[in-house]
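1. from the sequence below, what's the structure:
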Amino acid sequence: MKMLHGLSLLSLAFLLLFSCKDGKESVFPSQPADVAADKKQIAAMLDSFNAAAANAQYDRYFKYYAAGATFNGTDATENWDKDAFMAWAKPFFDKKTTWNFSVLKRNIYFGKQADIAWFDELLSTQMKICRGSGVVVKQNNEWKVQQYVLSTTVPNSVLDTVIKIKTAEEDSLINQLKK
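-> Model (predicted):
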């Protein structure tokens, strides 16, 4: 019985090893064929996306968002669809008082589908270090932001102080949201 089990495992390992062409085919058949190239393309898009905001280029910035995209900002009330975010942001772009984010560290991940990826990044901003994260989708051979989440980071050493500062305002919002 042990011999049969060992042969079955050996056969399975052999099949897995040699069923992929040249051993480079993805475990997920629909994963991007060239993950490195897609990562470079996504990183370049995100860098251009941030540059468009920094340079107050409204049309260019929002062309990086997919139709139906969402934006979640640092305030708990900032949960907008693309159109609402565009309306909120327009005065800042018009006055050239937009945000300037530069990437400090970025990770890009892929799942089973070749046209979806997600990212997280640490950003240097006017709010000091923030975290940007989101989902990007490939449409017509271009990567677009489907969801973007901007979060401020709070060092653990000052978290208790920050909680005290925001308690009154956020307790009120918690009560509203529970209704």
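2. what pLDDT does the residue nearest the centre of the chain get?
-> The geometric centre of the chain, computed from its C-alpha atoms, lies nearest to Gly134 (C-alpha atoms, centre = their mean), at 2.1 Å. Looking at Gly134, its pLDDT is 98.
3. repeat for Ala114
-> Here, the pLDDT recorded for Ala114 equals 83.
4. can you pull the poorly scored residue ranges out of the chain?
-> Scanning the chain with the threshold set as pLDDT under 70 gives 1-33.
5. and if we set it to 90?
-> Along the chain, the parts satisfying pLDDT under 90 run over 1-35, 111-114.
6. quick one: the helices in it?
-> 2-19, 35-54, 58-63, 82-94, 159-178 (DSSP state H).
7. could you measure from the residue nearest to Tyr109 when sequence neighbours are not counted over to Ala37?
-> The shortest distance from Tyr109 to any non-neighbouring residue, by C-beta to C-beta, 6 or more residues apart in numbering, is to Trp118 (5.3 Å). Glycine gets a C-beta too; all of them are placed from N, C-alpha and C. Distance, Trp118 to Ala37, using C-beta to C-beta, to the nearest Å: 17 Å.
8. more crowded one of those two?
-> Higher neighbour count among Trp118 and Ala37: Trp118, with 16 against 10, using other C-beta atoms under 10 Å.
9. contacts only, for that one.
-> 108-109, 111, 133-136 (C-beta atoms under 8 Å, 6 or more residues apart in numbering).
10. export the residues you listed to TSV and tack on distance to Thr98?
-> Rendered in TSV, the data for the contacts of Trp118 read as follows (distance: C-beta to C-beta, whole Å):
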residue	distance to Thr98
Ile108	24
Tyr109	28
Gly111	32
Ser133	20
Gly134	18
Val135	23
Val136	21
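11. Phe93: which of those is nearest?
-> Nearest to Phe93, judged by C-beta to C-beta, of the contacts of Trp118 is Gly134 at 20.0 Å.
12. what residues are bridge-paired with that closest one?
-> In this entry, Gly134 is beta-bridged to Phe119, Tyr148, by DSSP bridges.
13. ok, Trp143 next?
-> Residues in beta-bridge contact with Trp143 (DSSP bridges): Lys138.
14. OK, contacts around the nearest residue to Val145 once chain neighbours are set aside?
-> With C-beta to C-beta, 6+ apart as the criterion, Val145 has its nearest non-adjacent residue at 5.0 Å, and that residue is Tyr65. Residues in contact with Tyr65 (C-beta under 8 Å, 6+ apart) are 71, 82, 85, 144-146, 148.
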